[in-house]
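Asks: Predicted model follows, preceded by the sequence.
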Amino acid sequence: MKKGLTDKLKYLHPWILVAILLCTGMKEAQGQEQAYFSQYMYNRMAYNPAFAGDREIPGFSFQSRQQWISWEGSPTSNIVQAHTRMKNKNVGMGVSLCYDKMGPVQHSGLSGAYSYTLQITGESKLMMGLRGELRILQVRISQLQLVDQGDLLFAEDPGMKLQPNVGIGFNYVFRNYSVSFSIPKILNAGLSPFDGETSEWSKARSVFYLGAASEHEINEDLKIEPSVLFALAKGTSPYIQLTGLLKYREKFGMGALYRFDKTLGGMIRYNHQDKIVIGYSYDVSLDYIQYNTGTHELFLGYNFPFNSYKTLSPRRF
């Protein structure tokens, strides 16, 4: 085999691994209520614990997604994260706080992540992560406006329900390519606030995440960063998002996204001295554009300056 062809196959092997993971994961994936973010590349620890501490300096971030703005009771998702590399450079730790709301349903939770990085060669490494989570489910049905007044089932709220869970994740890095696989919630938690509810519709199922990303230098000032994220679930269509981000001197970024549910969007990014990152995205469902004014998402990230270590990758938090 010619040397040029061999080199090309060497760069393609992370993408071949994605295809293999996708084919095997589709057999077992199950649906659930996980919130999705358009700017997922900035909060990868939310769905994959292997990304905890993927930078050597401590990082803090806040992300808020306001979906289908013109709908009353439309979904909102908010997440606060902090993570860092420990003294042992192979170990990373992180913590997340989340709050999701859709109509009368509210989810709030606390999760912790642990990661370990195994250096395979000088150009490749495998990051492995574990995650533990405790969420609280609240359904305020007493606030609903009923057509038939006086229904005793809606007279008072059912109270809080605790939902513990665990998850795992992996991320393989080869040069400027990365491939990730994770199951952030392995346990099938109940979604119904009522005790004894066993319907299949009242369960949150595990979901398989598959992702791939790379970075390519166009010239001294410009870089392009394509990525793809799959979320696979039993009984539902796969969630697939394609994203492309063009960066200028690691300071300004502009990109576009497309989801296979006919959603189109764009995003902008500003990085100030690799300490403060601000990102904004807007997307709209082309099928339902007449019913809502789209979805807004804001990202704010901050790297603590007191640590003098160099970063592993200036694009990640």
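Replies: Perfect, thanks for sending it. Residues are numbered from 1 along each chain as shown.

Asks: switch to C-alpha atoms for all contacts and neighbour counts from now on
Replies: Fine.

Asks: Spatially nearest residue to M102, not counting backbone neighbours?
Replies: Nearest-residue entry for M102: P75, 4.2 Å, with adjacent residues in sequence omitted and distances by CA to CA, 6 or more residues apart in numbering.

Asks: That neighbour contacts D100, correct?
Replies: Yes. Counting by CA atoms under 8 Å, D100 is a contact partner of P75 at 7.3 Å.

Asks: Now do the contacts for the residue nearest to M102.
Replies: Shown in contact with P75 (CA atoms under 8 Å, 6 or more residues apart in numbering): 66-68, 100-103.

Asks: where along the stretch 151-300 of the chain do the strands fall?
Replies: 160-174, 177-183, 208-214, 216-217, 222-232, 239-248, 252-259, 263-272, 276-285, 295-303 (DSSP state E, counting those that start in this stretch).

Asks: Could you check the angle the longest one makes with strand 177-183?
Replies: Read it as strand 160-174. Computed with axes from the mean of the first three to the mean of the last three CA atoms, to 10 degrees, the direction of strand 160-174 lies at 150 degrees from that of strand 177-183.

Asks: Which residues does strand 160-174 contact?
Replies: Counting by CA under 8 Å, 6+ apart, 14, 48-51, 123-139, 178-187, 189-190, 193 sit against strand 160-174.

Asks: Return the alpha-carbon coordinates of it using CSV.
Replies: Listed next in CSV are the C-alpha coordinates belonging to strand 160-174 (Å, rounded to 0.1, in the frame of the first residue of the first chain):
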residue,chain,number,x,y,z
MET,A,160,-41.1,15.9,45.5
LYS,A,161,-39.6,12.7,44.1
LEU,A,162,-35.9,11.8,44.4
GLN,A,163,-34.2,10.3,41.4
PRO,A,164,-30.6,9.0,42.0
ASN,A,165,-28.6,7.9,38.9
VAL,A,166,-25.1,6.9,37.7
GLY,A,167,-23.3,7.2,34.4
ILE,A,168,-20.2,6.4,32.5
GLY,A,169,-18.3,8.0,29.6
PHE,A,170,-15.2,7.6,27.3
ASN,A,171,-13.4,10.0,25.0
TYR,A,172,-10.6,8.8,22.7
VAL,A,173,-8.3,11.5,21.3
PHE,A,174,-5.9,11.0,18.4
